[in-house]
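Enquirer: Can you look at this prediction? I've put the sequence above it.
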Amino acid sequence: MHHFTTVAAFVAFLGLVGASPVELTERKPTFSIHQVEHKRFAKNGPAAMVKTLRKYGKEVPQHVISAAAAGPTGSVSARPADAYDSEYLCPVSVGGSTLNLDFDTGSADLWVYSSLQPTAQRSGHDIYTVDPTKKVSGSTWKISYGDGSGAGGTVYADKVVVGGVTATSQAVEAATSVSAQFQDDTDNDGLLGLAFSSINTVSPNPAKTFFDNVRTSLAAPLFAVTLKYHAAGTYDFGYIDTAKYTGSITYVNVKTTNGFWEFTSTGYAVGSGSTVSTSIDAIADTGTTLLYLPTAVVKAYYAKVTGSSNSASYGGYVFPCSATLPDFTAIIGGSRQTVPGKYINYAPVTDGSSTCFGGIQDNTGIGFSIFGDIFLKSKYVVHENRGSTPRLGFAQQ
Ligand SMILES: Cc1noc(C)c1CN(C)Cc1cc2n(n1)CCN(c1cc(N)ncn1)C2
């Protein structure tokens with residue numbers, strides 16, 4: 001059957017190109033045409049589909065026509081870096097090399113391991129090899145994170161491709177030095193910031209994030225985050241994927257004055273307990289591993305966990321790894337956003353220990369709450385910026 005199909009297909013192909021079998025069997029000079037990539041071509045899947053369907057006289061579904069009229073969209077996988085979902089890494093093409101970057105909605109610098117670092121510092125990492133002709137003269141960057149880690153270096157303008165979406169002249173912040181926490185983390189080749197460009201650290205002229213560079217060309221000015229529990233998820237750009245969530249998306253307005261995706265939660269519940277109404281100022285932050293909440297909320301949560309304690313030696317709430325953890329619900333935009341209890345067991349305090357570190361911790365000293373990966377990995381979160389009044393949309397996965 002396969003053989004027959006092949007021959008029939010070949011004959012059909014000849015018909016299409018208007019050549020008879022005889023013509024193609026005579027000996028004639030041969031030549032080959034080498035394809036070259038159309039560098040400036042912005043990928044638009046739906047547009048290609050419209051073209052093909054019309055070429056063969058087929059009807060084009062309306063949703064394909066409307067998608068084609070829009071700009072590019074893209075999707076990239078987000079893979080947990082370790083067994084505890086400490087961070088999620090996404091493959092990105094930076095100046096033609098593929099690096100695994102930690103997409104971070106809590107910061108706004110795209111920085112990478114680079115050929116400028118001492119070789120010992122970059123062993124085990126994929127690196128960006130700088131091209132001096134692409135250097136942004138006079139610009140430097142230096143970033144420090146909540147956990148005391150950090151990095152710094154110089155700046156290059158280069159092509160960055162994320163899930164098929166291209167920023168042709170993205171500020172690529174090449175590291176000359178990174179802190180010990182990053183040197184120990186050999187899976188991580190850098191960060192791709194998705195917070196607001198107002199907190200980018202490039203000096204003297206702050207740079208735009210990848211999202212800000214592509215936002216107005218995308219089919220829709222948004223990206224959607226689907227992190228998963230102990231599994232790979234996605235970052236989607238330019239479209240909402242209704243297959244990735246259940247129920248409806250609840251939107252809340254974002255306060256951008258601190259440069260974060262900052263919003264207000266209006267209450268919480270522990271397990272099947274009653275809802276407590278209280279205003280919680282929070283940021284959505286994929287670059288933070290845990291869920292940091294106000295002291296009173298955290299105390300109320302661990303009051304329901306047998307054997308839990310706030311350990312000075314481990315630096316946070318711990319409990320027996322065998323504990324049954326209650327769900328945690330945050331009220332956002334009037335909707336109940338629930339995290340399954342088992343997601344709140346982050347990891348053993350040390351490998352093999354029967355004491356586990358809590359996924360919910362106290363936000364004292366931070367200044368606001370942080371809805372990090374522990375919260376996000378049960379949600380589908382739309383980050384929309386139409387230019388005025390950016391919004392966050394939350395739905396259950
Ligand atoms: C984290 C982490 N946890 O287990 C591993 C492994 C890592 C990664 N590793 C140790 C190194 C590291 C440290 C940081 N990151 N990666 C990501 C950026 N950081 C943020 C981002 C942000 N929005 N807010 C606060 N800090 C600090």
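Expert: Cool, the structure landed.
Enquirer: mind listing what the residue in the stretch 251-397 of the chain positioned nearest to the ligand touches?
Expert: Closest approach between the stretch 251-397 of the chain and the ligand, counting by CB to the nearest ligand atom: residue 287, at 2.8 Å. C-betas here are computed from N, CA, C, even on glycine. By CB atoms under 8 Å, 6 or more residues apart in numbering, the contact set of residue 287 is 87, 102-107, 145, 191, 372.
Enquirer: All the helices of the stretch 151-300 of the chain, residue numbers only.
Expert: Along the stretch 151-300 of the chain, the stretches classed as helices by DSSP state H, counting those that start in this stretch are 180-183, 210-214, 295-302.
Enquirer: Of these, flag the one that's most buried.
Expert: Burial of those is given as mean neighbour count (mean count of other CB atoms under 10 Å); helix 210-214 ranks first at a mean of 24.
Enquirer: That one packs against which elements?
Expert: strand 165-178 (3 or more CB pairs under 8 Å, 6 or more residues apart in numbering; DSSP states H and E).
Enquirer: Strand partners (parallel or antiparallel) of the strand it packs on?
Expert: Under the criterion DSSP bridges, strand 165-178 sits next to strand 110-112 (parallel), strand 150-162 (antiparallel) in its sheet.
Enquirer: Could you measure from the residue nearest to residue 286 when sequence neighbours are not counted over to residue 227?
Expert: Distance criterion CB to CB, 6 or more residues apart in numbering; nearest residue to residue 286, sequence neighbours excluded, is residue 105 at 4.6 Å. Distance, residue 105 to residue 227, by CB to CB, to the nearest Å: 10 Å.
Enquirer: what is in contact with these two at once?
Expert: Joint contacts of residue 105 and residue 227 (CB under 8 Å, 6+ apart) are residue 286.
Enquirer: of the contacts of residue 287, list those near the ligand.
Expert: 87, 102, 104, 106-107, 145, 191 (CB under 6 Å from any ligand atom).
Enquirer: quick one: which two of these are the most distant?
Expert: Spanning the widest gap among those are 87 and 107, at 12.6 Å by CB to CB.
Enquirer: between the two, which one's more packed in?
Expert: residue 107 (26 against 23; other CB atoms under 10 Å).
Enquirer: What residues does the stretch 101-250 of the chain have near the ligand?
Expert: Contact residues (CB under 6 Å from any ligand atom) of the stretch 101-250 of the chain with the ligand: 102, 104, 106-107, 145-147, 149, 181-182, 185, 188, 191.
Enquirer: rerun that using 8 Å as the cut-off
Expert: Where the stretch 101-250 of the chain comes near the ligand, counting by CB under 8 Å from any ligand atom, the residues are 102, 104-107, 145-147, 149, 181-182, 184-185, 187-188, 191, 195.
Enquirer: Give the ChimeraX command for selecting the buried subset of these.
Expert: To isolate the buried ones among these in ChimeraX, judged by 16 or more other CB atoms under 10 Å, type:
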select :102,104,105,106,107,145,149,182,185,187,188,191,195
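Enquirer: follow-up on the earlier one: for the residue of the stretch 251-397 of the chain closest to the ligand, give me the pLDDT.
Expert: With respect to pLDDT, residue 287 has a value of 98.
Enquirer: Check residue 114 too.
Expert: 98.
Enquirer: In space, what's closest to the residue of the stretch 101-250 of the chain found nearest the ligand - neighbours in sequence excluded?
Expert: Among the residues of the stretch 101-250 of the chain, residue 106 lies closest to the ligand, at 2.7 Å counting by CB to the nearest ligand atom. The shortest distance from residue 106 to any non-neighbouring residue, by CB to CB, 6+ apart, is to residue 285 (3.4 Å).
Enquirer: Same check on residue 278?
Expert: residue 267 (5.8 Å).
Enquirer: picking that back up, sort out for me which of the residues of the stretch 101-250 of the chain next to the ligand are in strands.
Expert: Among these, the residues falling in strands (DSSP state E) are 102, 104, 191.
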